[in-house]
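Visitor: fold the following.
(one chain, ligands or ions: 1)
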Amino acid sequence: MTATPTIDGSQPVSAAPTLDVEAVRREFPILERLIGKARLVYLDNAASTQRPLAVLDAERDFETHAYSNVHRGVHTLSQEATEAYEGARERVRRFLGAADAREVIFLRGTTEAINLVAQSYGRAEVSAGDNMVVSEMEHHSNIVPWQMLCQERGAELRVLPMDDDGELILEELDRLLDERTRIVAVGAVSNALGTINPIAEIARRVHDAGAVLVVDGAQAVPHQQVDVQAMGADFFAFSAHKVYGPSGVGALWGRRELLEAMPPWQGGGSMIQSVRFDQTTYAPLPAKFEAGTPEIVGAVGLAAALDFVDRWGMEAISAHETRLLERACAQLDDLPGVRRIGNARRRASVLSFLLDGIHAHDVGTLLDRDGIAVRAGHHCAQPVMQHYGVASTTRASFGIYNTEEEVDRLVEAVRRTQEFFA
Ligand code: PMP
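Guide: Numbers count the residues shown, from 1 in each chain. The predicted structure follows:
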């Protein structure tokens with residue numbers, strides 16, 4: 001293989017703690033499912049991870065015994081629900097290494113978080129003639145909200161290019177940044193290529209230029225120990241369903257002084273201090289950005305998911321996934337007719353590939369017959385596909401519960417797919 005992935009830390013993979021994968025798997029009954037006659041091999045973790053019993057139980061327990069609306073009630077259940085919800089906020093704060101739980105806003109997920117920043121911070125700070133930068137490898141959710149903002153404000157959207165290995169060309173960033181740059185938005189880890197981007201380095205350059213850095217952390221949270229302060233982000237967005245939690249919930253972290261200065265985004269209940277027809281005043285953080293009833297159960301599930309991750313240890317998880325990725329890359333590189341897409345020096349968990357003469361969707365469909373769940377398509381990153389001149393790829397992505405045997409089954413199924421179409 002041409003590049004060795006490394007985990008995002010100083011320790012070599014061989015020195016990292018090992019993971020008892022069989023014990024992990026016992027926490028995920030869904031992994032025992034049969035697809036046809038084959039046992040499920042779930043390799044679609046970059047789309048959504050499965051939830052362990054600890055998460056399902058925490059949600060069910062809360063729903064069974066303590067469910068109520070939050071914040072407004074004086075009764076016992078409402079107080080317990082509020083404690084659980086605010087406890088989840090504190091749990092997210094700790095997970096992100098943030099200074100203050102009021103900097104954590106619960107939202108539907110990464111997409112909603114980025115839209116909030118674009119529409120609140122962006123509308124307030126970006127004017128005609130300004131510019132902002134996104135990278136070529138962004139997920140659509142870190143492109144389209146900014147395009148909409150730039151169109152509305154008459155600002156320019158600049159693109160930080162990547163090379164053919166799938167690494168950002170940082171020297172180009174210095175060329176793109178100028179005194180009119182207001183925002184730079186970059187993913188910490190690419191969902192299409194697995195590239196781990198040097199966020200701290202990018203942050204230094206962005207701040208030197210006087211702009212703010214929005215980090216799409218959707219693919220980083222299951223693989224990296226995140227420290228939003230150390231990485232130098234100004235905003236950081238992630239979704240629970242990528243890190244063993246439920247869908248429909250996620251969080252935005254933002255630096256407090258920025259969030260405090262920002263206008264509210266959606267109006268409604270819970271985000272106000274007082275409402276009169278001649279003047280409404282807004283609640284302090286974080287309520288200012290949480291109009292309406294939030295995804296209460298989801299927040300409880302997210303907190304349980306972060307406990308789950310901590311219990312096994314991020315260092316052990318990312319080392320385990322890196323071993324799987326290395327094994328898969330090495331084996332696929334030995335097969336003729338396989339083109340891997342993305343070869344950055346530092347990658348996490350994602351393996352995008354093409355088979356000569358076979359459509360990515362056909363590959364996905366045939367792998368499914370062997371019980372192997374992968375994703376085929378443009379992965380909501382069409383500019384990445386355009387860079388490589390392809391319409392789609394097949395993507396296998398690894399999680400905490402995947403095994404070496406599953407990697408071997410993937411490779412064997414790829415070989416059979418090639419034979420089928422030969
Ligand atoms: N950014 C990246 C890098 C992603 O992988 C995803 C999910 N595929 C998103 C953003 C969007 O996340 P969500 O759909 O949970 O809002």
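Visitor: phi, psi of residue 34?
Guide: For residue 34, the backbone dihedrals (degrees, to the nearest 10) come out as phi -100, psi 140.
Visitor: show me the contacts for it.
Guide: Taking CB atoms under 8 Å, 6 or more residues apart in numbering, we find residue 34 in contact with 40, 371. Glycine gets a C-beta too; all of them are placed from N, C-alpha and C.
Visitor: who's it bridged to?
Guide: Beta-bridge pairing of residue 34 under DSSP bridges involves residue 39.
Visitor: residues contacting residue 265?
Guide: Neighbouring residues of residue 265 by CB under 8 Å, 6+ apart: 116, 119-120, 289, 291.
Visitor: same thing but at 6 Å, please
Guide: Neighbour list for residue 265: 116, 119-120 [criterion: CB atoms under 6 Å, 6 or more residues apart in numbering].
Visitor: may I ask which of these has the most neighbours?
Guide: residue 116 (25 neighbours; other CB atoms under 10 Å).
Visitor: ok, back up a step: just the ones of the contacts of residue 265 in helices?
Guide: Counting by DSSP state H, these place residue 116 in helices.
Visitor: and the helices in the stretch 301-422 of the chain, which stretches?
Guide: Secondary structure of the stretch 301-422 of the chain (DSSP state H, counting those that start in this stretch): helices at 314-333, 360-369, 382-388, 404-421.
Visitor: hey, which of these is tucked in deepest?
Guide: Among the helices of the stretch 301-422 of the chain, ranked by average contacts under mean count of other CB atoms under 10 Å, first place goes to helix 314-333 (a mean of 21).
Visitor: spatially nearest residue to the spatially most central residue of the chain (excluding sequence neighbours)?
Guide: The residue lying closest to the centre of the chain (CA atoms, centre = their mean) is residue 218, at 1.0 Å. Excluding its sequence neighbours, the residue lying closest to residue 218 (CB to CB, 6 or more residues apart in numbering) is residue 110, at 4.3 Å.
Visitor: likewise residue 155?
Guide: residue 130 (4.5 Å).
Visitor: cool, and residue 271?
Guide: Nearest in space to residue 271, with sequence neighbours left out and distances taken as CB to CB, 6+ apart, is residue 291 at 4.3 Å.
Visitor: contacts only, for that neighbour.
Guide: Contacts of residue 291 by CB under 6 Å, 6+ apart are 266-268, 271.
Visitor: am I right that it sits in a helix?
Guide: No. Counting by DSSP: H, G, I helix; E, B strand; the rest coil, residue 291 is not part of a helix but coil.
Visitor: show the pLDDT at it.
Guide: With respect to pLDDT, residue 291 scores 97.
Visitor: what separation do you get for it and the ligand?
Guide: 18 Å (CB to the nearest ligand atom, to the nearest Å).
Visitor: do residue 106 as well
Guide: 13 Å.
Visitor: from residue 270, how far out is that residue?
Guide: Distance of residue 106 to residue 270, computed by CB to CB, to the nearest Å: 11 Å.
Visitor: residues from the stretch 301-422 of the chain in reach of the ligand?
Guide: Counting by CB under 6 Å from any ligand atom, the positions of the stretch 301-422 of the chain adjacent to the ligand are residue 380.
Visitor: which regions of the stretch 301-422 of the chain lie under the pLDDT threshold?
Guide: For the stretch 301-422 of the chain, no stretch is flagged by pLDDT under 70.
Visitor: picking that back up, reformat the helices of the stretch 301-422 of the chain as JSON lines; add distance to residue 74.
Guide: Compiled in JSON lines, the helices of the stretch 301-422 of the chain are given as follows (distance: least, CB to CB, whole Å):
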{"stretch": "helix 314-333", "distance to residue 74": "40"}
{"stretch": "helix 360-369", "distance to residue 74": "52"}
{"stretch": "helix 382-388", "distance to residue 74": "51"}
{"stretch": "helix 404-421", "distance to residue 74": "51"}
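Visitor: since that was my last question, I'll sign off now.
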